[in-house]
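Student: Give me a model of this one.
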Amino acid sequence: MTESHRDGIDDDDGQAERLEPTAPDQTEVAERVVSCVEALLMAADKPLSVDQLVRLLETTHALDKADVRVALSALVNRYETAAVDLVEVAGGWRFQVGSDYASLVARLWEERPPKLSRAMLETLALICYRQPIARSDIEAVRGVSVSSNIVKTLVEFDWIKVVGYREVPGRPALFGTTAKFLDDFGVKRLADLPSLPEIKDLDALEAAMARLTDTDSEADAISAAAASDDVEGRPAAPAPEVAVPPDSDPPTH
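Tutor: Residues are numbered from 1 along each chain as shown. Alright, predicted model coming up:
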């Protein structure tokens, strides 16, 4: 065999063309990354951020944030017509049962969580849309005192927290919502919440809350979200569909 045949393949001019190593199939590599991201999100018991996914994959794949976002986009498209959705919430990305299947999946658990009372939902709505807000402000709108148990329960759910103090005598605490509240209601930021009209009296607040929990199943989904941390492996409850009143301003954060 000639030297040229040993080093490569003769071209038409008799000159040897050296063989180059074959590059790995980029499509295959990308699909492997998508599968790895899918596996991590399936196994996680809480939402995972892009940064967390990059760190988790760094031992097997040299990826940057853009690569992970491409994989997430591919998964969103893959599950577009599936029974589960891949959604981004405040804590990151997670799989959750599609809203069409929420009632069916809820039958897996015989013990239903207690529904949130109207007083609790009203209090939560005021904190959500008027934060930071003091307890006295909530009482001024509702016309009744706010039970300490309501505030305690919302804090235990990790839906509200003290975000500051009003600089007046007694320095009353100011309440705001948490990232877990956004996660449980299926939104990424406060600006993504449906707009509500200016709440000036209790009747307006009750009308707004009626839109927020339009059906019993949606109210159950909210209650289930509050109890979801107590059951390992329970799918995240879907966010309730909330009617958006026209010509109203979105909340600000």
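Student: can we go C-alpha only for contacts and neighbour counts from here?
Tutor: Noted.
Student: got any ranges where the stretch 101-250 of the chain has weak pLDDT?
Tutor: Residues of the stretch 101-250 of the chain meeting the criterion pLDDT under 70: 111-114, 195-250.
Student: Just the helices from it, written as ranges.
Tutor: Assigned by DSSP state H, counting those that start in this stretch, the stretch 101-250 of the chain shows helices spanning 102-106, 118-130, 135-142, 148-156, 179-184, 202-212, 216-227.
Student: tell me the angle the fourth one makes with helix 118-130.
Tutor: Using axes from the mean of the first three to the mean of the last three Cα atoms, to 10 degrees, the interaxial angle of helix 148-156 with respect to helix 118-130 works out to 60 degrees.
Student: What is the neighbour count of residue 110?
Tutor: 7 (other Cα atoms under 10 Å).
Student: Distance of it relative to residue 157?
Tutor: To residue 157, residue 110 is 21 Å away according to Cα to Cα, to the nearest Å.
Student: quick one: the strands in the stretch 51-200 of the chain?
Tutor: 84-89, 92-97, 133-134, 160-165, 173-177 (DSSP state E, counting those that start in this stretch).
Student: Looking at the ones you listed, which is nearest to residue 141?
Tutor: strand 133-134 (11.4 Å; Cα to Cα).
Student: Tell me the strands beside the closest one, with direction?
Tutor: Strands that pair with strand 133-134, judged by DSSP bridges, come out as strand 173-177 (antiparallel).
Student: check contacts around residue 101.
Tutor: Applying Cα atoms under 8 Å, 6 or more residues apart in numbering to residue 101 gives the contacts residue 83.
Student: If you could redo that for residue 84, that was the one I meant.
Tutor: Applying Cα under 8 Å, 6+ apart, the residues near residue 84 are 95-98.
Student: Show me what it is bridged to.
Tutor: Using DSSP bridges, the bridge partners assigned to residue 84 are residue 97.
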